Structures are given as C-alpha cells and as structure tokens.
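>>> let's see this in three dimensions:
(one chain, ligands or ions: 1)
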Amino acid sequence: MRVDIISIFPDYFSPLDLSLIGKARGTGLLDLSVHDLRTWTSDVHRTVDDSPYGGGPGMVMRPEPWAAAFSAVASPSSLLVVPSPVGKPFTQADAAALAAQEHLVFACGRYEGIDQRVLDSAPMPVREVSLGDYVLFGGEVAVIVIMEAITRLLPGVLGNADSLTEESHSDGLLEAPVYTKPASWDGLDVPEVLRSGDHGKIARWRREQSLLRTATRRPDLFEAYPPEKIGKLDRAA
Ligand SMILES: N#Cc1c(-c2ccc3cc[nH]c3c2)n[nH]c1N
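The predicted model follows:
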C-alpha cells in the first residue's frame, strides 16, 4: 500500500517510524511518504492560510498549495482522506475499506479548516472522516490513529492474523475480558472456565461475555447486531 500524507507539520508523523508501522515501512508492506504542504507555496513567506470570507475567527487554508500538492502525488488509483470534525465517524469497517485501497492521500487541515473548493475540485475521490465528537487542533493526530488502524490490517503486519478475528469491533461486538498469570492476584481469581481446558466451553463463555459487554457498554452496537447471530446464551458456561 502506498500512502502520502500532506501537512504543515510533517514532524508530527515521526511516530510512524516506530514499532509495527515502522517495520511495515522497512519491509516494503507500507510505502509511506510525508510531505510539507509549504513545498507547494509560491511566495517568500510560504503562506498557506488567509482570512475567511464572510468574516469570523481564525484563518482558512488557501486552495492553491493543496491543488499543487494533489497534482504532485495523485494517481488514477488515489483516494483522498481528509480528517475533519464534520466527517463521517471513522469505524473499523472504514479501516478495513481503506486498508484495501492501493493509494491513500491524507490531507491534514489546520486553523479553521481547508477551503471547501479543495475538496470539491480534488482530482480523486474524497472521504471526510471524523474520529469522534470532540475538536482537535488539526488532522495530524487523526491521521496517526487512522494509519495505525489501517496498517495493522495489512497482510503480514501482525505476526498472528488470528488476533484480528476476535478483537473488539472486528465482528460488531466488544471483545471478552482477557486474563493471564497468576491465576490468583490481589484476591481475584481468573474465571475457572478459562483454566478448564474445555475449548468449547471457553469459546461459549467468551461469546457470552462479548455479548453482555456490548449490551451493557455499547447498546448502539448491540442494537445493530443481527439478532439471529446472538443465538441462545449458555447460562451454564
Ligand atoms: N478527524 C478529525 C477531528 C478534528 C479535526 C480535524 C481536522 C482539523 C483541521 C482543523 N481542525 C481540525 C479538527 N477534530 N475532531 C475530530 N474528530
């Protein structure tokens, strides 16, 4: 997968040199380039913003540098992803869809945002996404989060792909609680079923815990979960 990130703060993305994302870049699974938007300015002050038409606080990012940047990095298979407070809430399904793309271009807005004409005239399809109902300083942190969600789904990045099948949100539910040694700690014991060696019983217990957790913590997800997939809860588990 090829990714181009455009930002006025390229140094924000040094975390993408680390850990499994850094390894994916090193092994060629991920071809990631970070660009400074000011590369595509044409004035001595390398200006990327100006005052908003219609008045109001703050500044708006000028269209010209973005248009020049897109012309430099876009290809026929590119998809433009723009983090924004007004974007579609980003979900695991969106991460999977983006992970299947050939080339992603991320536009990191700052100030009061990017001139709307940049998105309206982009030479590639556009996806505006939001991480949640709160406001960040800009799109950079959102891109780091999105890049982590995408990269871990790329084949070969996670040592054990099985991790992807039972984690929260992979199947629309929250995952069951996890435990490790010691069997008893701080007066609390690991649920006996997990130490039983009965894999069928363990699977049923985890399924039940996942459904119960989702129902109590994320009723929105539980309501959206197909009733026919819930099945009969095994109280004996
Ligand atoms: N994604 C996302 C965002 C943002 C965001 C994204 C871009 C810019 C550019 C200026 N301010 C921004 C805030 N705030 N909250 C979210 N969930």
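>>> mind checking how far Y134 is from the ligand?
Using C-beta to the nearest ligand atom, to the nearest Å, we find Y134 at a distance of 6 Å from the ligand. C-beta coordinates here come from the backbone N, C-alpha and C atoms, glycine included.
>>> so how many other residues sit close to that residue?
Neighbourhood size, Y134 [other C-beta atoms under 10 Å]: 7.
>>> cool, I150 as well?
So I150, with other C-beta under 10 Å, has 24 neighbours.
>>> can you check the one 4 residues further on too?
As a burial measure, the neighbour count of L154 was computed by other C-beta under 10 Å and equals 16.
>>> Y225 now?
16.
>>> now do the helices in this protein.
19-26, 63-73, 92-99, 116-120, 140-151, 199-217, 219-224, 227-230 (DSSP state H).
>>> what does stretch 183-195 rub up against?
179, 201-202, 205, 237 (C-beta atoms under 8 Å, 6 or more residues apart in numbering).
>>> and what of stretch 25-32?
1-5, 16-17, 21, 24, 147, 151, 154-157.
>>> from L16, how far off is the spatially most central residue of the chain?
The chain has I146 as the residue nearest its centroid, 2.5 Å off, counting by C-alpha atoms, centre = their mean. According to C-beta to C-beta, to the nearest Å, I146 stands 11 Å off from L16.
>>> now do Y179
For Y179, the distance to L16 (C-beta to C-beta) stands at 32 Å.
>>> more crowded one of the two?
Neighbour totals were compared for Y179 and L16, and L16 leads with 21 against 14 (other C-beta under 10 Å).
>>> hmm, that one is touching V145, no?
No: assessed by C-beta atoms under 8 Å, L16 is found out of contact with V145, at 11.1 Å.
>>> what does the longest strand seen in the chain rub up against?
Counting residues, the longest strand found in the chain (DSSP state E) is strand 78-89. Strand 78-89 has contacts (C-beta under 8 Å, 6+ apart) with 70, 74, 94, 98, 101, 103-109, 113-114, 119, 122-132, 135-136, 139, 142-143, 146.
>>> run me through the strand neighbours of it, direction for each.
Sheet pairing for strand 78-89, assigned by DSSP bridges, gives strand 103-107 (parallel), strand 126-130 (parallel).
>>> and E228, how many neighbours?
For E228, the count of nearby residues is 6 (other C-beta under 10 Å).
>>> which of the residues in stretch 154-172 are buried?
Across stretch 154-172, burial judged by 16 or more other C-beta atoms under 10 Å covers 154, 157, 166, 168-169, 172.
>>> start and end of it, how far apart?
20 Å (C-alpha to C-alpha, to the nearest Å).
>>> up against the ligand, what does this structure have?
Residues of the chain lying close to the ligand (C-beta under 6 Å from any ligand atom) are 83-85, 87, 109-110, 113, 130-132, 134-136, 138-139, 142.
>>> and the lowest-mean-pLDDT helix or strand in the chain, which residues are buried?
Within the chain, confidence by mean pLDDT, DSSP states H and E is lowest for helix 227-230 among all helices and strands, at a mean of 91. Residues of helix 227-230 include none that count as buried (16+ other C-beta under 10 Å).
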